[in-house]
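Undergrad: sequence and predicted structure are below.
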2 protein chains.
Amino acid sequence: MKIGVIGLGLIGGSIAKEIKLRSLSTIEVFGSDKKKEHEHEAIELGLIDTVVTVDEMLSICDTLVLGIPVSAIASELSGILDKTKNNQVIIDTGSTKKDICTSVSNHPNRGRFVAAHPLAGTEFSGPSAALIDLFKGKKNIICEKDKSDEDALKTALNLFQFLGMQSVYLNPEEHDRHMAYVSHLSHVSSFTLSLAVLEIEKDEKQIFNLASTGFESTARLAKSNAKTWGPIFDANAEYLLEAIDFYMDKMSEFRNLIATNQVHEMESLMTKANDIKRVLKGITLNN
Amino acid sequence: MKIGVIGLGLIGGSIAKEIKLRSLSTIEVFGSDKKKEHEHEAIELGLIDTVVTVDEMLSICDTLVLGIPVSAIASELSGILDKTKNNQVIIDTGSTKKDICTSVSNHPNRGRFVAAHPLAGTEFSGPSAALIDLFKGKKNIICEKDKSDEDALKTALNLFQFLGMQSVYLNPEEHDRHMAYVSHLSHVSSFTLSLAVLEIEKDEKQIFNLASTGFESTARLAKSNAKTWGPIFDANAEYLLEAIDFYMDKMSEFRNLIATNQVHEMESLMTKANDIKRVLKGITLNN
C-alpha cells in the first residue's frame, strides 16, 4: 500500500510518522511540501520514504492526505480531484470545512474525497513538530459523509481509527460554527493576550520574572503558526466574528462590574464560568 | 518553633503542608480558617497540627502567615498588628499589594509585617488543593522591604527560600501594575472565554466532543476560585481596567482584520504575538 502526504507540518507530519513507525504491514509513505526544507527534514526525521511531486503522488498512491493550510486545500482540491482515479481516496485534515466542501460540491469525483478534521494539535509547527500519539484518544470530525463513496469513507475511517481517533459526523456549517467557539476563539484570545502583554510590558525582564504558569497556559496558543491560522480565521470569518463579538460583550460586562466595584456580581459571574470544570473534565480524560 | 497559618486554602494549605512534611526540625503548625470544614479537612489531611482562633495564634506562634483573600488581609491586618509582639512576624501572601501595604502604612507595628506575594497557584482551591512543590523554582515578590524590621524580613526570606522560591523586590505600585498584565488579565480573559462558550454552546455535548487541548489550556484559569479572584480584581481595578481596555483594543484590531479579509495583516499580527515564545521559555524552565 502507498500513502501520500501533501504538507509535512504538524498534522501531515504526525500522520506520516504514525504510519511509518506504527503500521503492522509495510506501507510506503510519499511526501510533498511547498517548502523544500520541510521535505528534506521529513526524510531526515524518517517521517516519509520518498519525496515526490503532487502529480507523481497522484500516479502512484492509493490514498492522499492533505495537511496544508485550509486556503490551499480549498484552492487545490478541485484540481487534485480532476486527476484522482476511481480506486484512489483523498482525505483532508483542514480546520474549516464549509469552504473546502463547497469548493468541490459539484465535482464529478466528489465521491473519492472525504472531508475530515482530526481535532488534535500543539502550538508547534513544521516536520519537527510531528508527534507520535498526537491523535490518540481524540475526536475526528467527518463532514458530508454521504457525499463520499462508501469505500472511500471506509478507508478514511480506518486511517483515523489507526491513529487512535473516534470519528463523529457533523455538517460543514455545524462544524465551522462550533469550531469558531471552542477552538478559533481560544486562539484569537490567546494571540490577543500575547500582543497586549508584549506591547504594554516593554520591560521584558518583568514578564519573565512575574509571569507564572497561569499566564503560560492562557498564552500558550499564541505560539501557534500564523500561516496556518490566518487562512482558518479568514475561512471561518462569519462565525468567528460572531464569537468574537459575543466574547467582547461578555468582557465588557465583566469590565463594568470591576469599574463599579461590584465584587459580589463579579463573583457570581466567575462561579458561572467555573461550570467549565464539568465540561473540561471530559477533555482532560481524553488526553 | 510555632507557625500559624490563617486561611487554609490552596496557598496557606500548601505552605502548611511543606512545613509539616519537609521541615528538618520539628515545627508545630497551627491553623485557622473562617470555614470550619476547611479546618477539619486541614487536620485530616495532616496540613496542620492544631486548630486555633486567630487570637490564640497570636498568643502562641512565632510567625503568622496570611493566606486569606486580599480584601480580608487589607481589612484584618491592622487589627492583627495591634496584637503582634516584637518577637513575632506577620507575612501575607496576597496577589495585590498596594491596598494591603496602605492599610498598615502608619501602623506602629508595621516593622513586624512583611508584604509578600509568592507567584504560584493552580486553578483549584481549598485545603485539598494544597500541593507539595507548588512554590518550587518560582518567584516570590516582597514589597516595601525597608518598612519591615530586619529580623522580620530575614524570617520571611528564610520561609520563602525553604519553599524553594527566589525573592525579588518591587514597590506595591509596580507589583500591582505588572500583575494586572501578566496574571489578572489572563484570568479575566479565561473567565470570559468560559462564559462566552458556555452561553453560546447550549448543547454541551458538542463542547465536550469538539473542545480539544487548546481550549482546555486557554480556559483553564476559568476554574479558579471566585472568592479569591473577586477581591483581587477589585483591589487592582485601576490597573486591571487599563489592561482590559488595552486588550480589547488589540482584539478589535484583530477583529477588523478578520472582518475585512486581511489575511496577510492577520498573519503579521500573529507572528508578532509568536514572540511570546521567547518570553515564555523562561517560565517553562521554571516549572
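TA: That came in fine, so what should we check first?
Undergrad: which other residues reach stretch A:73-86?
TA: A:54-55, A:58, A:64, A:66, A:68, A:90, A:92, A:94, A:99-100, A:102-104, A:107, A:109-110, A:112-113, A:235 (CB atoms under 8 Å, 6 or more residues apart in numbering or on different chains). Backbone N, C-alpha and C define where each C-beta goes, glycine included.
Undergrad: and those, which are buried?
TA: Neighbour-count burial (16 or more other CB atoms under 10 Å in any protein chain shown) applied to these gives A:54, A:58, A:64, A:66, A:68, A:90, A:92, A:94, A:99-100, A:103-104, A:107, A:109-110, A:112-113, A:235.
Undergrad: which ones among those map onto helices?
TA: A:54, A:58, A:99-100, A:103, A:235 (DSSP state H).
Undergrad: these: which two are farthest apart?
TA: A:L58 and A:A235 (24.5 Å; CB to CB).
Undergrad: in the helix or strand where A:Q161 lies, what's buried?
TA: Secondary structure from DSSP states H and E places A:Q161 in helix A:150-162. Using 16+ other CB under 10 Å as the burial criterion, the residues of helix A:150-162 that qualify are A:152-153, A:155-157, A:159-160.
Undergrad: and it, is it in reach of chain B?
TA: No: between helix A:150-162 and chain B, judged by CB under 8 Å from any CB of the partner chain, nothing touches; the nearest distance is 14.5 Å.
Undergrad: which residues does the residue of the stretch 1-150 of chain A found nearest chain B contact?
TA: Nearest to chain B, among the residues of the stretch 1-150 of chain A, is A:L119, at 4.5 Å (CB to the nearest CB). With contact set as CB under 8 Å, 6+ apart, A:L119 has these partners: A:138-141, A:183, B:210, B:212.
Undergrad: so how far is A:E18 from it?
TA: Counting by CB to CB, to the nearest Å, the gap from A:L119 to A:E18 is 16 Å.
Undergrad: could you do A:T63 as well?
TA: 14 Å.
Undergrad: same question, A:H107
TA: Distance from A:H107 to A:E18, counting by CB to CB: 29 Å.
Undergrad: name the nearest residue to A:T271, sequence neighbours excluded.
TA: Excluding the flanking residues, the one nearest A:T271 by CB to CB, 6 or more residues apart in numbering or on different chains is B:A226, at 4.7 Å.
Undergrad: also A:K20?
TA: A:V29 (5.4 Å).
Undergrad: do I have it right that the one you found meets A:K17?
TA: No: contact criterion CB atoms under 8 Å: A:V29 and A:K17 do not qualify, at 9.0 Å.
Undergrad: which neighbours do these two share?
TA: Residues touching both A:V29 and A:K17 (CB under 8 Å, 6+ apart): A:L47.
Undergrad: next, count neighbours for A:S268.
TA: 14 (other CB atoms under 10 Å in any protein chain shown).
Undergrad: repeat that for the one 4 residues further on.
TA: Burial measure for A:K272: 16 neighbouring residues, criterion other CB under 10 Å.
Undergrad: also A:V51?
TA: By other CB under 10 Å, neighbour count at A:V51 equals 18.
Undergrad: could you do A:L45 as well?
TA: 16.
Undergrad: for the stretch 1-150 of chain A, which spans come out with low pLDDT?
TA: By pLDDT under 70, the stretch 1-150 of chain A has no low-scoring segment.
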